[in-house]
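S.K.: what's the 3D shape of this:
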Amino acid sequence: MARPRKWFANLLVVSGLILGLTVITGTAQAANWFKLRGTEPGGTAHTLQVWGFLQPTWAKDFSDPISGAVGGFAPANGSMQVPGTIPPDRTERESFYMRRARIGIRGTMLPINNDIDYFILTEWGQNGITRSDGGAKLLDASVTLNQLSRGIDDDGLANLGARLRIGQFLFSQTSQALSQSTPGRRVHIFMPEATFAHAIGRYATDNGVHNWPEDETGANGARDVGIELFDWVEFKDPIFGGGGPLEFTYSLGLGNGDAIGELDRDGNYRQYYWLSLAKLFDKTRGSRRHDMMIYGWYQKGDILFNNDIDDDGLLDNVPGPLGGDLRAGNIAADPVSPGNRVVKNGNERDIEQEYYGIGFEYFDKPFDNLGQIRFEAEWQKQKGLTFDGARTPDVNQNNALGGFDSILYDTDGENEGWHVDVGYDIHQHLGLKNRTTINLRYDEFTRNDGNSIGPNGINAREVEFKTWTTTAEYFFHKKARATLTYQFRDFDADARDGGFKTNGNAVLGNIDDRLGLQLTFIYKNVLLR
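M.R.: Below is the predicted model:
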């Protein structure tokens, strides 16, 4: 099976460096998310700013039920696959729902101290974060201390210093994860079940394999609880000359490495790192500033995992024919999940996880008579314990048949993915009254890449996801828009062996396209003193 991931990664590095060294004039959206989410603009005299957004959504999935399954998995024929259903309940293929409804406050702690900023954001919508009980969740609650930031120099450029952010917030990882809570940034409306962003945002749990979807609360929304040291510095551009300055940003973080609202459940902390270099083309600000950026990120940490929670001597994440026990006892005996709780019966052990990636982003209006152009590309890799997904959403159906509808985990898995995302602003020069954009994105993601289990090295887990996403946006106002998205999905388990390939494709081969319409309403700048 042809796999362009390795050459793409090399091409991304080379092309990013070439662009970074050769583009002379301002020519996708590369905002500084550490600045936007962690600090307030200098000189802003407010103590409380209410903000947020609503995203009512309609989606229709054209997938067909599972068919062609054989052996112990045959009873799954006729049931629905998880990626073929509408989140978060996973019971329908077509529905209206409130995908995101977020309310937040942010500001500077005047008159206490002009160097202390805070950021709070809550989620009230219907998504993986609120799925466990349907109630609102606290996404972000952090304080940033700016006393060591060192201010602005005589040329109006930011000096390099250090800012300290403490609390629960988006730690440095994929650029998509950093930007996903900003409605002015993302244009695609679907939950990323089959992308690298989903894998990194779902911590594996050991609450038993019967935990989808009612009990499982492992979604972290790319958040963690901990501390982060970050800052950025601007300096005159010796390469391009014109436009704005160059901007270097760094971030070093340490967090619990667990789901939203959880304590450090296993005594292991997670490390986060980020480096980026951006060219600012002008003085635009915010999530749509005109710039170009190359970046790299890395995170690492151990996670405590129990692969035999019923202590029967059989690995819980290995199919029965290979000497494992996917059922892990029975439903009544399985631990009830309060989150990412670890069952400590002597079988638990620490497993290292590593995530890293590099990317390039660009957003500008290179020609006066044309619209704005956005381009972004990122390559990502993950090693270690892998969240392996659920094959069907009904945990109570046919559990006695080997747990085919269970969530699986792979303690030695590897994930690898990349995406390219291109957007174009077509308003004005084509006679449109309001801003209208078209977008095209391609995702490729291999889960459990090359992984084999059992004494004979059987490949029972590898999956290839390929997704094309086309999107059109129409802006009624800069804070109100409609987004129409159509998604083409091609998933397969062709790399697996024997019956694992047959049954894998029985699930994946019937996953089809998806259509969605979403309205976005942003409210902000409601100043309360």
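
S.K.: C-alpha from now on. contacts and neighbour counts both.
M.R.: Fine.

S.K.: any idea of the mean pLDDT in stretch 198-214?
M.R.: For stretch 198-214, mean pLDDT rounds to 54.

S.K.: now swap in stretch 71-86 and tell me
M.R.: Across stretch 71-86, the per-residue pLDDT values average to 86.

S.K.: And stretch 305-318, by the same measure?
M.R.: 73.

S.K.: From the chain's centroid, how far away is that stretch?
M.R.: 29 Å (C-alpha atoms, centre = their mean, to the nearest Å).

S.K.: immediately after the helix or strand bottoming out on mean pLDDT in the chain, which helix or strand?
M.R.: Scoring the helices and strands of the chain by mean pLDDT, DSSP states H and E places helix 5-22 at the bottom, with a mean of 36. Moving toward the C-terminus from helix 5-22, the next helix or strand (DSSP states H and E) is helix 33-38.

S.K.: Now do that next one: which elements does it pack against?
M.R.: In this structure, helix 33-38 packs against strand 116-123, strand 223-235, with contacts taken as 3 or more C-alpha pairs under 8 Å, 6 or more residues apart in numbering; DSSP states H and E.

S.K.: right, and these - which one's nearest Asn434?
M.R.: Counting by C-alpha to C-alpha, Asn434 lies closest to strand 116-123 out of these; the figure is 29.6 Å.

S.K.: Parallel or antiparallel, list what pairs with the next helix or strand after the closest one.
M.R.: Later in the chain than strand 116-123, the nearest helix or strand by DSSP H and E is strand 137-148. Strand 137-148 pairs in its sheet with strand 116-123 (antiparallel), strand 162-170 (antiparallel), by DSSP bridges.

S.K.: mind giving me TSV with the ones you listed and columns for distance to Glu416?
M.R.: Shown next, in TSV, are the strands paired with strand 137-148 (distance: least, C-alpha to C-alpha, whole Å):
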stretch	distance to Glu416
strand 116-123	29
strand 162-170	22
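
S.K.: so can I have CSV of these showing mean pLDDT and mean neighbour count?
M.R.: Converted to CSV, the strands paired with strand 137-148 look like this (pLDDT from 0 to 100; neighbours: other C-alpha atoms under 10 Å):
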stretch, mean pLDDT, mean neighbour count
strand 116-123, 92, 21
strand 162-170, 94, 22
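
S.K.: Quick check: the most far-flung residue of the chain relative to its centre vs Phe235, distance?
M.R.: In the chain, the residue that sits farthest from the middle, by C-alpha atoms, centre = their mean, is Asp154; the gap is 39.2 Å. The spacing between Asp154 and Phe235, counted by C-alpha to C-alpha, to the nearest Å, is 12 Å.

S.K.: and what of Gly423?
M.R.: The value you get for Gly423 to Phe235, if C-alpha to C-alpha is used, is 29 Å.

S.K.: Which one of these two is surrounded by more residues?
M.R.: Gly423 (22 against 17; other C-alpha atoms under 10 Å).

S.K.: can I assume that one is in contact with Glu376?
M.R.: No. With contact defined as C-alpha atoms under 8 Å, Gly423 does not reach Glu376; the gap is 9.1 Å.

S.K.: ok, now which ones touch the residue nearest to the spatial centre of the chain?
M.R.: Central residue of the chain (C-alpha atoms, centre = their mean): Ala197, 3.4 Å from the mean position. Contacts for Ala197 (C-alpha atoms under 8 Å, 6 or more residues apart in numbering) come out as 174, 176-177.

S.K.: Could I get the residues you listed in JSON lines, plus columns for pLDDT, neighbour count and distance to Gly516?
M.R.: Converted to JSON lines, the contacts of Ala197 look like this (pLDDT from 0 to 100; neighbours: other C-alpha atoms under 10 Å; distance: C-alpha to C-alpha, whole Å):
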{"residue": "Thr174", "pLDDT": "74", "neighbour count": "25", "distance to Gly516": "24"}
{"residue": "Gln176", "pLDDT": "73", "neighbour count": "14", "distance to Gly516": "20"}
{"residue": "Ala177", "pLDDT": "73", "neighbour count": "18", "distance to Gly516": "21"}
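
S.K.: And for Asp266, the neighbour number?
M.R.: Neighbours of Asp266 (other C-alpha under 10 Å): 18.

S.K.: Report the beta-bridge partners for the residue nearest to it when sequence neighbours are not counted.
M.R.: Spatially, and ignoring its direct neighbours in sequence, Asp266 is nearest to Leu304 (5.9 Å; C-alpha to C-alpha, 6 or more residues apart in numbering). Under the criterion DSSP bridges, Leu304 forms beta bridges with Asp350.

S.K.: residues in contact with Leu304?
M.R.: Taking C-alpha under 8 Å, 6+ apart as the test, what Leu304 contacts is 266, 268, 342, 348-351.

S.K.: Flag whichever of those residues scores worst on pLDDT.
M.R.: Among the contacts of Leu304, pLDDT bottoms out at Val342, giving 67.

S.K.: Contacts only, for the closest residue to Phe196 other than its chain neighbours.
M.R.: In space, and not counting its chain neighbours, Phe196 is closest to Gly417: 5.7 Å by C-alpha to C-alpha, 6+ apart. Residues near Gly417 by C-alpha under 8 Å, 6+ apart: 5, 195-196, 379-381, 443-446.

S.K.: Strands - which of those land there?
M.R.: 379-381, 443-446 (DSSP state E).

S.K.: So which of the strands paired with strand 137-148 is nearest Phe491?
M.R.: In terms of C-alpha to C-alpha, the element of the strands paired with strand 137-148 nearest to Phe491 is strand 162-170, at 29.6 Å.

S.K.: show me where the stretch 401-529 of the chain has strands.
M.R.: Applying DSSP state E, counting those that start in this stretch to the stretch 401-529 of the chain gives strands spanning 407-410, 414-425, 436-447, 463-477, 480-492, 514-528.

S.K.: ok, of those strands, where does mean pLDDT dip lowest?
M.R.: Among those, strand 407-410 scores lowest, at a mean of 55.

S.K.: Tally up the residues packed near Gly457, please.
M.R.: Gly457 has 10 nearby residues by other C-alpha under 10 Å.

S.K.: which residues touch the closest residue to Thr520 other than its chain neighbours?
M.R.: Sequence neighbours aside, Gln55 is the residue nearest to Thr520 in space, at 4.7 Å (criterion: C-alpha to C-alpha, 6+ apart). Gln55 is in contact with 98-101, 518-521, counting by C-alpha under 8 Å, 6+ apart.

S.K.: Check which helix or strand Gln55 maps to.
M.R.: Here Gln55 is assigned to strand 48-61, by DSSP H and E.

S.K.: Sheet-wise, list the partners of the helix or strand that comes right after that strand with their directions.
M.R.: Next along the chain after strand 48-61, taking DSSP H and E as the criterion, comes strand 94-108. According to DSSP bridges, strand 94-108 forms sheet pairs with strand 48-61 (antiparallel), strand 116-123 (antiparallel).

S.K.: Nice, that's everything, thank you.
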